[in-house]
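Novice: just need the structure, nothing else, for what follows:
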Amino acid sequence: MKKEYRCTLRTKKMIRAAFVELLGEKKNMETITVGELAARADIAKSTFYNHYDDVYAVAEEFENELIAKLSAVLDEIELERSSEYESYLKKIIEFLKANEDIYRKAITSSDIRFFIEKLKAIISKKIFEESAVLPFSKNKAEKYAQIRFLTNACVDTMVDYFKGNIDLSLDEVGGVIIDFLNKMKE
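Specialist: Numbers count the residues shown, from 1 in each chain. Model (predicted):
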């Protein structure tokens with residue numbers, strides 16, 4: 001892998017930050033232009049094109065960065081080998097709270113569908129690998145369907161929170177999910 005210079009990393013970070021700001025304002029990636037991105041990042045359009053082909057390349061890198069950060073948190077939790085899904089969910093909530101502004105802007109975009117699907121796939125895989133705590137079926141296909149159902153419900157609830165459709169704090173939403181899962185165990 002080619003080593004990137006600090007100046008390049010700083011420029012790309014400024015472009016991604018400008019992208020997030022514009023995405024939060026416009027709610028639709030298709031209306032963001034390279035000119036707007038360059039102006040917001042305080043760079044020339046030619047500098048933008050030195051780093052990215054188009055706005056979609058910025059979006060893809062931004063999504064990959066969000067996924068990588070969340071995956072790192074999930075891996076960290078996995079290393080702790082805690083079989084308690086409650087601590088697992090609490091750590092995810094802590095991570096989301098620490099990055100709430102970025103996730104709120106990203107998730108309120110109409111173009112975030114692919115990001116959400118990537119997120120659901122990663123979380124489903126982790127739950128499938130570490131699913132001894134909840135009463136899932138022993139049948140692999142049924143277990144997969146149950147985990148996908150649970151993952152979709154949890155992630156979609158968080159998406160609703162970030163979109164402002166739920167009148168609870170992030171901690172309260174996490175508490176509701178944990179309480180529900182505890183009732184499933186009974």
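
Novice: burial check on Glu100, number of neighbours?
Specialist: Neighbour count of Glu100, defined by other C-beta atoms under 10 Å: 13. Heads up, the C-betas are built off the backbone N, CA and C, glycines and all.

Novice: can you list contacts of the helix or strand bottoming out on mean pLDDT in the chain?
Specialist: Of all helical and strand segments in the chain, the minimum by mean pLDDT, DSSP states H and E falls on helix 113-129, at a mean of 77. With C-beta atoms under 8 Å, 6 or more residues apart in numbering as the test, helix 113-129 has contacts from 63, 66-67, 70-71, 74, 78, 106-107, 143-144, 147-148, 150-152, 154-155, 159.

Novice: from the chain's centre, how far out does the helix or strand that contains Ala18 sit?
Specialist: For Ala18, the element it lies in under DSSP states H and E is helix 6-26. Relative to its chain's centre, helix 6-26 lies at 17 Å (C-alpha atoms, centre = their mean, to the nearest Å).

Novice: quick one on the thing from earlier: which of the contacts of helix 113-129 fall within helices?
Specialist: 63, 66-67, 70-71, 74, 78, 106-107, 143-144, 147-148, 150-152, 154-155, 159 (DSSP state H).

Novice: nearest residue to Ala59 other than its sequence neighbours?
Specialist: Met29 (5.6 Å; C-beta to C-beta, 6 or more residues apart in numbering).

Novice: number of nearby residues for that neighbour?
Specialist: Look at Met29: counted by other C-beta under 10 Å, it has 18 neighbours.

Novice: next one: Tyr103
Specialist: By other C-beta under 10 Å, 23 other residues sit near Tyr103.

Novice: list the buried ones in the helix holding Ala18?
Specialist: By neighbour count with 16 or more other C-beta atoms under 10 Å, helix 6-26 contains the buried residues 11-12, 14-16, 18-23.

Novice: what do you get for stretch 173-186?
Specialist: By 16+ other C-beta under 10 Å, the buried positions in stretch 173-186 come out as 173-174, 177-178, 181.
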